[in-house]
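**Student:** Pasting the sequence and the predicted coordinates here, then a few questions.
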Amino acid sequence: MTFLAPWQAITAAAIALPILAILYMLKLRRRPVVVSTTAFWEQAIRDLEVNVPLRWIRPSWLLLLQALALALLVLALGRPAVGTPLGSGDQLIILLDRSASMRAHDADGATRFETAKANLDDRLARLARSGFAGDVTIIAFASSASRVVGPTSDLRLARDTLARLEPTDETGAPDAAFALARALLAEQPEDAAPTARVIFASDHYPRAALASPAPLTFERVGPRLPDDATAPELDNVGIVTLTARRTFDDPGVVRLFARLVSAGDRQRTVPLILRADGVEIERRAVAVPPTTPDSPGGAAINFELTRTEPGVLTLEIDRADALDADNRAAVVVRGASRPALVLVQPTDDTPASEGGWILVEVLRELHPRALVSMSLDRFNTLGSQAWTEADAVVFLSCAPSALPARPTLTFGSLPPAPGLTARARPDELAGFVRWSREHPLLRGVSLDAVRFRGGSVFELASAPAWTSLADAPRGPMLIAGEAGAHRHIAIGFDLADTNWPVHVSFPLFIANAIDWLTLSGDAAAGGSFRAGEPVELDAPGIAPTDQPLRITRLDDGATTDARATRIGARIALGTFPSAGVYEFANTRVRFAINVASEPETLISTSPAPADSPGSPTSERTSATDEPREVWHWFVLAATILASAEWLLYAWRMRV
């Protein structure tokens, strides 16, 4: 047992107990009365003796009961507590959720993050009063986890660090937090393994908690539970998807696609505002269906606008709800552009095969800014002059002596890339047995019916920068990679030896390939990133340096420094935890960060399942990590003793 407020008990004892003793030592002065005899007044004579001020207190059952009752009340003022298993050398690990849903405002007006911090601070304060001398570690997590303080025995430092933490707009990833906690406990020597406790503060109970490295207490925040019919209805509608794309037919037209999700139990109609560079261009009301146990309520919206210049398109839900961060999303749209292409053939003549003719027609249908055709000899003779103005080079049944400093697409030949080799295939009919459907090159492309003869199988063992995207029975036949900071694609068979050009998947593949090679798909589309996601930009005007780059958040003018790293043709800036539109200092290069997370928009809370670590019986007030106060038992005992003293006094005073 320990006392959480020992000085209160000491002060009360120093005052109350002497007063009780003095009351028993001092008696009232009596008025003298003349009587005929003292034979009947022996008791009164004995009472007169206590008028001596220095007389010792006589033993009395009443005094004993009163002293015990008073002592119990004094001890109750000291806030006695029991059940603190953590001792010196033990560890308390706190996992605090900083994801976007923790910004949600509940019925009391406070955010869930504020509530979680207050609860954790109260726990640390209780541990400090109980004399806990072990180590405390605080791990904050959202899309990633980091140890913000500890292990430390300085509880004041832990509380101060906790007070400075702020939520993010990122998607929660509790697995990373539990992995970090396990790694922290694994660092302890086996011969001195401490007693450890884990507190998980969040609005959702994750699967990762089932593999907690130590006994778990789930500090759930947020009032809403799936089976709580009395809880207030959740009111939150958020933008979980926002993409923009220019069409190939008319690059001046921007098509915007958005998806909204509602966390509520009934349909809500919300006003949407579309802005371009801060200027409102369209307003629309959208009905969003309710969320059901089977699926979240969602609504899809499409916008189309004519815009050739670059800029920022912002979509905003013009209403207040529980979570403000997902009410706004933005995309950065670059100016309309069309690629300039160079087609290289073995001779100056037009393509001799039907497949070659189809390739030329498909390239023209992409409406390139320029399409120049030349022979391989002329291409090698002109050198860099042949491709200076080109965005990509297509080689048909031939390959250059050296890869140009431009993206390339090669049919039926081996690109002269370092380490890349090929072996001839037998002249037999074959098809693809595997292809990467998730790769951008093959998005929407089916290769089931494609057949080809001969060709070459690529050998990638000595070319780690290249990846196989489609394999025939004898090996890779369609590969992609990077060389010289540019992307390249190679197909192992000639278009004269395949039926692919007559299938609908061929023009889709060519369109995907030109997009992927020239980054025009990324440039034409609205660029945005999810909070906590690594930011990679095609920013030719910004060169990585040893000095950090100053970046401004246009929403509020806040600035931050980031280091740029070159990755191929792009620069990487790391992650950004807050949603908004950012701009490089002294430039017009911008990028958008959005919440764009369905799990965070669906802000309903979840309890711990029964019979699991952190089950409802150990939520919020568990005795596994803090003392349990028992002062009310002391008050009850004092009341019983006071009642017994009164009964004894009444019995002695009976007539």
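**Tutor:** Sure, I can see it.
**Student:** When you work out contacts or count neighbours from here on, use the C-alpha atoms and nothing else.
**Tutor:** OK.
**Student:** which stretches of the stretch 351-500 of the chain form helices?
**Tutor:** Assigned by DSSP state H, counting those that start in this stretch, the helices in the stretch 351-500 of the chain fall at 354-365, 376-382.
**Student:** Name the residues that touch stretch 409-427?
**Tutor:** Residues outside stretch 409-427 that contact it (CA atoms under 8 Å, 6 or more residues apart in numbering) are 392-403, 453-463, 474, 483, 488-495, 513.
**Student:** Filter these down to the buried ones and hand me the ChimeraX line.
**Tutor:** Buried residues within the contacts of stretch 409-427, by 16 or more other CA atoms under 10 Å, are selected in ChimeraX with:
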select :392,393,394,395,396,397,398,399,400,403,453,454,455,456,457,458,459,460,483,488,489,490,491,492,493,494,495,513
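**Student:** As TSV, the helices of the stretch 351-500 of the chain with mean pLDDT and mean neighbour count would be great.
**Tutor:** Listed next are the helices of the stretch 351-500 of the chain as TSV, based on pLDDT from 0 to 100; neighbours: other CA atoms under 10 Å:
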stretch	mean pLDDT	mean neighbour count
helix 354-365	86	16
helix 376-382	88	16
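**Student:** Serialize those to JSON lines and add fields for distance to Gln8.
**Tutor:** JSON lines is the format used below for those (distance: least, CA to CA, whole Å):
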{"stretch": "helix 354-365", "distance to Gln8": "86"}
{"stretch": "helix 376-382", "distance to Gln8": "93"}
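**Student:** which one of those helices lies closest to Asn236?
**Tutor:** helix 354-365 (44.4 Å; CA to CA).
**Student:** contacts for that closest one?
**Tutor:** Under the criterion CA under 8 Å, 6+ apart, external residues in contact with helix 354-365 comprise 350-351, 371, 396, 495-496, 498-502, 507, 510.
**Student:** can you count the residues close to Ile273?
**Tutor:** Under the neighbour criterion other CA atoms under 10 Å, Ile273 is assigned a count of 18.
**Student:** need the contact list for the closest residue to Thr111 other than its chain neighbours.
**Tutor:** The shortest distance from Thr111 to any residue other than its chain neighbours is 4.3 Å, reached at His105 (CA to CA, 6 or more residues apart in numbering). Taking CA under 8 Å, 6+ apart as the definition of contact, the neighbours of His105 are 111-112, 322-323.
**Student:** Glu533: which of the helices of the stretch 351-500 of the chain is closest?
**Tutor:** Of all those, the one in closest proximity to Glu533, counting by CA to CA, is helix 354-365 (34.4 Å).
**Student:** Does Ala214 touch Ala196 like I think?
**Tutor:** Yes: applying CA atoms under 8 Å as the test, Ala214 and Ala196 come out as touching, 5.9 Å apart.
**Student:** Would you tell me which one of the contacts of helix 354-365 comes nearest to Leu127?
**Tutor:** Within the contacts of helix 354-365, distances to Leu127 taken as CA to CA reach their minimum at Ile510, with 65.5 Å.
**Student:** Now do the SS call for the closest one.
**Tutor:** helix (DSSP: H, G, I helix; E, B strand; the rest coil).
**Student:** quick one on the thing from earlier: from the contacts of stretch 409-427, which ones fall inside strands?
**Tutor:** Assigned to strands by DSSP state E, the following of these qualify: 392-396, 453, 456-459, 483, 488-491.
**Student:** can you pull out the strands in the stretch 101-250 of the chain?
**Tutor:** Along the stretch 101-250 of the chain, counting by DSSP state E, counting those that start in this stretch, strands occupy 135-141, 145-152, 196-202, 216-220, 237-246.
**Student:** mind putting those strands in a markdown table, distance to Arg182 and mean neighbour count included?
**Tutor:** Conversion of the strands of the stretch 101-250 of the chain to a markdown table gives the following (distance: least, CA to CA, whole Å; neighbours: other CA atoms under 10 Å):
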| stretch | distance to Arg182 | mean neighbour count |
| --- | --- | --- |
| strand 135-141 | 12 | 23 |
| strand 145-152 | 12 | 17 |
| strand 196-202 | 10 | 25 |
| strand 216-220 | 13 | 26 |
| strand 237-246 | 33 | 24 |
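**Student:** Dump the ones you listed into TSV; add distance to Glu645 and mean pLDDT as well.
**Tutor:** TSV is the format used below for the strands of the stretch 101-250 of the chain (distance: least, CA to CA, whole Å; pLDDT from 0 to 100):
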stretch	distance to Glu645	mean pLDDT
strand 135-141	48	92
strand 145-152	50	89
strand 196-202	46	88
strand 216-220	44	84
strand 237-246	65	86
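**Student:** Could you list the alpha-carbon positions for stretch 373-385 in CSV?
**Tutor:** Listed next in CSV are the C-alpha coordinates belonging to stretch 373-385 (Å, rounded to 0.1, in the frame of the first residue of the first chain):
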residue,chain,number,x,y,z
SER,A,373,10.3,9.2,-88.6
MET,A,374,13.9,8.4,-89.6
SER,A,375,16.1,5.5,-90.4
LEU,A,376,18.5,4.0,-87.9
ASP,A,377,21.6,5.1,-89.9
ARG,A,378,20.4,8.7,-89.9
PHE,A,379,19.6,8.5,-86.2
ASN,A,380,23.1,7.2,-85.3
THR,A,381,24.6,9.9,-87.6
LEU,A,382,22.7,12.8,-86.1
GLY,A,383,23.5,11.7,-82.6
SER,A,384,21.9,13.9,-79.9
GLN,A,385,20.5,16.2,-82.6
